[in-house]
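Undergrad: based on what follows, work out the 3D shape:
(chains A and B)
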Amino acid sequence: MSGAVGREPVFPTRQSLGIMKSKLKGAEIGHSLLKRKSEALTKYVRAEITRRIDEAKQKMGRVMQIAAFSLAEVSYAVGGDIGYQIQESAKQARFRVRAKHENVSGVFLPQFESHTETAINDFGLTGLGKGGQQIQRCRETYARAVETLVELASLQTAFLILDEVIKVVNRRVNAIEHVIIPRTENTIKCLYYHPPSPDVAHSNPNTDINSELDELDREEFYRLKKVSGKKQRDVAEADAEILAARQKAAEKEAANNTPAVAAPSTGDTDAPDVLGEQEDNDVIF
Amino acid sequence: MEGLFFNVNAGYVEGIVRGYRNSLLTGQNYSNLTQCETIDDVKLQLGPSYGDFLAALPPNPSTSALAGKMTDKLVAEFRYLIAQSTGSTAKFLEYLTYGYMIDNIALLITGTLHERDTRELLERCHPLGWFETLPVLCVATNIEELYNSVLIETPLAAYFKSSLSHQDLDELNIEIVRNTLFKNYLEDFYNFVNTHPDFAGPTQDVMSEILQFEADRRSINITLNSFGTDLLRPERRKLYPEFGKLYPEGTLMLSRAEDVEGVALAVSANADYKSFFDAVGLSQGGGMGGMGGGPADGKSLEDLFYQKEMEMSKLVFTRQFTPAVVYGWMKLKEQEIRNVTWISECIAQNQKERIGNFISVF
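TA: Numbering: from 1, shown residues only, chains lettered A, B, ... in the order given. All right, here's what the predicted structure looks like:
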């Protein structure tokens, strides 16, 4: 999987490792937050919106039926077509819709509110001769039907918007869960080798033992080992020389059995007399 | 003596109408109609009386198309009658069309006020209210022109003249214009049947009663429907026809009525109307919402008025030697169209529980 996921194109440095680690942490926090948001929205949609849409739709069916029937009553009572007259005498909207916003988990949902301008009564005199009451009642019934439609419209809009938002959020959650986090982890793995138990390392070839930082580490380690080996050898040589010199001196002492006073003289002879006549290599002039 | 020479001029028309009356739907027909499941079934049931008029309808027609075809039949029959009649009978039949003319003119005035294309309005006009100069109304672009060039020539000009001038047409609500015209029309019709020498006797008796009822019904309806609107009481009073059983005391009380109780008090002098109000008022508590008749008990005041009208129209056929049978037949036919429309609406909308809410008198 990590092969498909790949890794971020970063230079294998300690700094980018740090960046990657914070990125991983951020991704995890973001993931949990988005997941929670998605769950909250889904719950809201399931529990609230769907139920209310269901109710509103059933109500709409009933109300529209009653409304259509009341229109039939009007045509019975008036005994003719009043549609044209109504259309012509209606000048201003009596039934109006106001839109406002509601915030649900960071999503702005439009909400429509209906209200009736009772002052506007454009065709109040229609059917004065006969059927006036039926017309008024029909109007009220239709006003109620439109009210239900408005309610349904705001629910449907909310449903569509929430659906879209939930899809987007879910896509983000999935992207973080399945792409960003694995990739970041992979990158970190590549950069930095956590010593796993050997069998894990073998069982999973993708656990990159060849991760670059590790390689650098090992190279460095090897270099240091080399250097320290070289140093050890040098020290050992030096020690051996000193030891040999001491042994020689001890043998000489034992052989000559010189008095203790002679000893400083030998020291004198051993130590080069810097103030002496001999040429100093360092001094060029 | 009174019917001695009636058949010379109007006997054929009366005979035809009595024949038409026999094709009206009966209670048996209605109960068959209410059993129907689809509009097609309704169409089939209507076959015997409407036959070829419904043949052109597509399968499962809309209720309005059905009603339109039924109206076509009524119109065709009425046109035949008016073509066959002469003299005072023809005049009487013309009077019957004035009501539709008023509706058509109101429609055209509404359209002209809103500067609509009047051509499409003509299609919506009731064919019975058609008169020769009606299409000329399309030419008129403003109300003054409409009045001066067109309406002045129509039989309705007299109704305009007495109470409305062309200035009023701009400002007044078209409903008030319509009701004013209708009031003048009813008064004129009433005057016509009561003064014309040919109509002395049965026509005068029966038509006076019907027109009085019509006038009272309009007064009561206007009063009830004006509650809650900006129609002022003095203006309302101008719309009441100045005859009828309620006139003058009842209409005066109606003009002062502020609520349903006031109306009920105004009509309490007349036993018929009182019983209507009792039937509606008692069963529904007499509230504002109850006066139109709630869906609960089925019968509203409007229904009771229609019922009464139909009974009176039916009784017209007991009289002989009178053109009033044409009036009765037309009202019955219109009610029949309304009934069938109602039944087919109930079937189309699957609301069978109130399907019996029609008025059948045969």
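Undergrad: next one: phi and psi at A:F95?
TA: Main-chain dihedrals, A:F95, degrees, to the nearest 10: phi -100, psi 120.
Undergrad: who's it bridged to?
TA: Assessed by DSSP bridges, A:F95 has beta-bridge partners A:T116.
Undergrad: measure it to A:D54 for me?
TA: 24 Å (Cβ to Cβ, to the nearest Å). All C-beta spots, glycine's among them, are computed from the backbone N, C-alpha and C.
Undergrad: out of everything not next to it in sequence, what's closest to the closest residue to chain A within the stretch 101-250 of chain B?
TA: Of all residues in the stretch 101-250 of chain B, B:N225 sits closest to chain A, at 3.0 Å by Cβ to the nearest Cβ. Take B:N225 and drop its neighbours on the chain: the residue closest to it by Cβ to Cβ, 6 or more residues apart in numbering or on different chains is A:G132, 3.0 Å away.
Undergrad: one more: B:G3?
TA: B:F321 (3.4 Å).
Undergrad: quick check: which ranges of chain A have low pLDDT?
TA: Applying pLDDT under 70 to chain A flags the ranges A:1-5, A:80, A:121-125, A:192-211, A:258-285.
Undergrad: ok, which stretches of it are helices?
TA: With DSSP state H as the criterion, chain A has helices at A:2-5, A:14-44, A:50-78, A:83-89, A:132-175, A:181-191, A:198-203, A:212-256, A:262-270.
Undergrad: just give the closest residue to whatever residue of the stretch 151-285 of chain A ends up closest to chain B, not the sequence neighbours.
TA: Residue of the stretch 151-285 of chain A nearest chain B, by Cβ to the nearest Cβ: A:L152 (20.7 Å). Computed as Cβ to Cβ, 6+ apart, the closest residue to A:L152 that is not its neighbour in sequence is A:A56, at 4.3 Å.
Undergrad: ok, the residue nearest to B:N225 to B:S275 distance?
TA: The value you get for A:G132 to B:S275, if Cβ to Cβ is used, is 22 Å.
Undergrad: and the two? Which one has more around it.
TA: Higher neighbour count among A:G132 and B:S275: A:G132, with 28 against 12, using other Cβ atoms under 10 Å in any protein chain shown.
Undergrad: where's the closest residue to B:E14 other than its chain neighbours, which helix or strand?
TA: Once flanking residues are discounted, B:E14 sits nearest to B:V325: 5.9 Å by Cβ to Cβ, 6+ apart. Element membership of B:V325 [criterion: DSSP states H and E] is helix B:324-348.
Undergrad: so the closest residue to B:T341 other than its chain neighbours versus A:V169, what's the distance?
TA: In space, and not counting its chain neighbours, B:T341 is closest to B:A67: 4.5 Å by Cβ to Cβ, 6+ apart. As judged by Cβ to Cβ, B:A67 and A:V169 stand 56 Å apart.
Undergrad: hmm, back to that, so the residue of the stretch 101-250 of chain B closest to chain A lies in a helix, does it not?
TA: Yes - judged by DSSP: H, G, I helix; E, B strand; the rest coil, B:N225 forms part of a helix.
Undergrad: tally of neighbours for it?
TA: Counted with other Cβ under 10 Å, B:N225 comes out at 28.
Undergrad: that one: what's it in contact with?
TA: Residues near B:N225 by Cβ atoms under 8 Å, 6 or more residues apart in numbering or on different chains: A:125, A:127-128, A:132-133.
Undergrad: likewise B:A279?
TA: B:A279 neighbours (Cβ under 8 Å, 6+ apart): B:299, B:304.
Undergrad: please report how far it lies from B:S360.
TA: Where B:S360 is concerned, B:A279 sits at a distance of 18 Å (Cβ to Cβ).
Undergrad: touching chain A at all, the helix or strand in which B:D41 is found?
TA: Under the criterion of DSSP H and E, B:D41 resides in helix B:39-50. No - on the criterion Cβ under 8 Å from any Cβ of the partner chain, helix B:39-50 is out of touch with chain A, staying 13.3 Å away.
Undergrad: mind listing residues that contact that helix?
TA: B:23-25, B:29, B:32-33, B:36, B:54, B:57, B:59-63, B:66, B:69-70, B:73, B:340, B:343-344, B:347-348.
Undergrad: pull the number of nearby residues for the residue nearest to A:F108 when sequence neighbours are not counted.
TA: Nearest-residue entry for A:F108: A:H101, 4.8 Å, with adjacent residues in sequence omitted and distances by Cβ to Cβ, 6+ apart. For A:H101, the number of neighbouring residues by other Cβ under 10 Å comes to 9.
Undergrad: residue contacts, A:H101?
TA: Counted by Cβ under 8 Å, 6+ apart, A:H101 has contacts A:108-111.
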